[in-house]
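Peer 1: model this:
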Amino acid sequence: MRVGITCDLQTEYLAQGFSEEDAAEFDSEVTIAGIERALRGFGFRTERIGTVKALARRLAAGKRWDLVFNIAEGVSGFGREAQVPALLEAYNIPYTFSDALVCALSLHKGMAKRVVRDAGVATPDFALVEDLADIAQIALPFPLFAKPVAEGTSKGIGSASIIEDRSELYRVCDRLLGRFAQPVLVETYLPGREFTVGIIGGGRTAECIGVMEVRLGAEAEPGLYSYENKKHDEWTSYHLVDDPAALATGEVALAAWRAIGGRDAGRVDIRLDAQGRPNFIEVNALPGINPERSDLVICARQAGISYPALLRRILGHTFERYGLLWPDQEVRRKVA
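Peer 2: Numbering: from 1, shown residues only. A predicted model of the protein is given here:
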């Protein structure tokens, strides 16, 4: 079986002049090499495709694959994570992870919160600021929390994100609107514990593989899982937990994942409110799978799931959806 890998390689964008922050969501060589090793270990032949533009060129030239392992983040727009899935669907090529609709929906945190809230899942009250005039209509109680509506890797989140008064809200929104050229999500700040939940599968087959608590060290920016805290591994620690709050968190994460329509694997971020109740924060339908640093991989490892085993379980859901056979199954079928 020929498996193509779509990705955005970080070094290529840095070479084009992207800043470290602008390229933070893109993948490292370590990630792509790790995926290749695992897939070849399963008996697949792999080929690096690269970006959505590289994919489009190869498709136009007549190139095809039996499956595409898609981790391409895209560069701009609310639909950037949906570009590769949409293109592959147009050519009827199977691919991993969520479809175009889910990728676009989950990237826009405001839209995702509306869908999840409609499904009865708790999420902090929020407002969208598209320009500074919108702030006058915000009636949420302080403290508030502000972040770009469609960024990953905690970009735009820092010590100033926790906001205590209206003048501070204006300053932060003005800076974020100018820096990221997209609406700002303003929501009620939740002071409780923070978790990230690893999920494999989709719909009725979705399962929580672990609830991991994010704990900040003494050097970290306090009270939030910020861009700087994520960048410095030594500032943050991750702990698989199974106390009552964690178990409730896992159920909320699964409900949110099913409401969004995620499939194969993903991550859901949850935070406790002042009463200790879990609230949906955001969902990552195209999770990082760096074999050393990505949250989903760390969660799986702490749950006793190796990196190859994690990828095999993810692919198992992909194969079932498309009716594909593993290489060893194809051999047995030919022999029979």
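Peer 1: Break the protein into its domains for me.
Peer 2: Following automatic domain parsing, one finds the domains of the chain at 2-97, 125-188, 194-320.
Peer 1: Strands of the stretch 201-336 of the chain, start to end?
Peer 2: Remark: strands assigned in the stretch 201-336 of the chain by DSSP state E, counting those that start in this stretch are 207-216, 236-240, 265-272, 278-284.
Peer 1: wait, the stretch 1-150 of the chain
Peer 2: Listed in chain order, the strands of the stretch 1-150 of the chain (DSSP E, counting those that start in this stretch) span 2-6, 45-50, 67-70, 126-129, 144-148.
Peer 1: and those, which is most packed in?
Peer 2: Mean neighbours per residue, mean count of other Cβ atoms under 10 Å, is largest over these for strand 67-70, with a mean of 25. C-beta here means a position set from N, CA and C on the backbone, and glycine is covered the same way.
Peer 1: count of residues packed around Ala181?
Peer 2: Other residues lying near Ala181 total 9 when counted by other Cβ atoms under 10 Å.
Peer 1: hang on, I meant Ser306
Peer 2: Applying other Cβ under 10 Å, we find 13 residues neighbouring Ser306.
Peer 1: Any buried residues in stretch 54-61, and which?
Peer 2: Residues of stretch 54-61 classed as buried: 55, 58-59 (neighbour count, 16 or more other Cβ atoms under 10 Å).
Peer 1: follow-up on the earlier one: save the strands of the stretch 1-150 of the chain as CSV, and put in distance to Asn290 too.
Peer 2: Formatted as CSV, those follow (distance: least, Cβ to Cβ, whole Å):
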stretch, distance to Asn290
strand 2-6, 14
strand 45-50, 16
strand 67-70, 14
strand 126-129, 30
strand 144-148, 22
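Peer 1: will you turn these into TSV that also has mean pLDDT and distance to Leu169?
Peer 2: Below are those laid out as TSV (pLDDT from 0 to 100; distance: least, Cβ to Cβ, whole Å):
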stretch	mean pLDDT	distance to Leu169
strand 2-6	98	39
strand 45-50	98	41
strand 67-70	98	38
strand 126-129	98	8
strand 144-148	97	6
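Peer 1: looking at those strands, which is closest to Ile157?
Peer 2: For the strands of the stretch 1-150 of the chain, the distance to Ile157 is smallest for strand 144-148, at 5.0 Å, taking Cβ to Cβ.
Peer 1: right, and the helix or strand after the closest one?
Peer 2: Reading on from strand 144-148 to the C-terminus, the next helix or strand found by DSSP states H and E is strand 162-163.
Peer 1: Run me through the strand neighbours of that following strand, direction for each.
Peer 2: strand 144-148 (antiparallel) (DSSP bridges).
Peer 1: and the partner strand with strand 278-284, angle?
Peer 2: 10 degrees (axes from the mean of the first three to the mean of the last three Cα atoms, to 10 degrees).
Peer 1: Just the residues contacting strand 144-148, thanks.
Peer 2: Applying Cβ atoms under 8 Å, 6 or more residues apart in numbering, the external contacts of strand 144-148 come out as 109, 124, 129, 138, 154-157, 161-163, 169, 172-173, 176, 179-180, 182-190, 224.
Peer 1: one more time with 7 Å
Peer 2: Applying Cβ atoms under 7 Å, 6 or more residues apart in numbering, the contact partners of strand 144-148 are 155-157, 161-163, 169, 172-173, 176, 180, 182, 184-189.
Peer 1: And for stretch 221-230?
Peer 2: 153-155, 157-159, 161-162, 194, 214, 216, 220, 235-236.
Peer 1: Can you tell me which of these is nearest Ile49?
Peer 2: Set against Ile49, the nearest of these by Cβ to Cβ is Thr153 (22.6 Å).
Peer 1: Got phi/psi on the spatially closest residue to the closest one that is not a sequence neighbour?
Peer 2: Spatial nearest neighbour of Thr153, chain neighbours left out: Ala24 (4.4 Å); criterion: Cβ to Cβ, 6 or more residues apart in numbering. The phi and psi values for Ala24, taken as degrees, to the nearest 10, are phi -60, psi -30.
Peer 1: Does Ala24 touch Ser154 like I think?
Peer 2: No - under the criterion of Cβ atoms under 7 Å, Ala24 is not in contact with Ser154, lying 8.7 Å apart.
Peer 1: For the residue nearest to Glu130 when sequence neighbours are not counted, the count of nearby residues, please.
Peer 2: The shortest distance from Glu130 to any non-neighbouring residue, by Cβ to Cβ, 6+ apart, is to Pro183 (4.7 Å). Pro183: 22 surrounding residues under other Cβ under 10 Å.
Peer 1: need the contact list for Pro183.
Peer 2: The contact partners of Pro183, by Cβ under 7 Å, 6+ apart, come to 128-130, 149.
Peer 1: Name the nearest of these relative to Ala15.
Peer 2: Within the contacts of Pro183, the smallest distance to Ala15 is 28.7 Å, found for Val149 (Cβ to Cβ).
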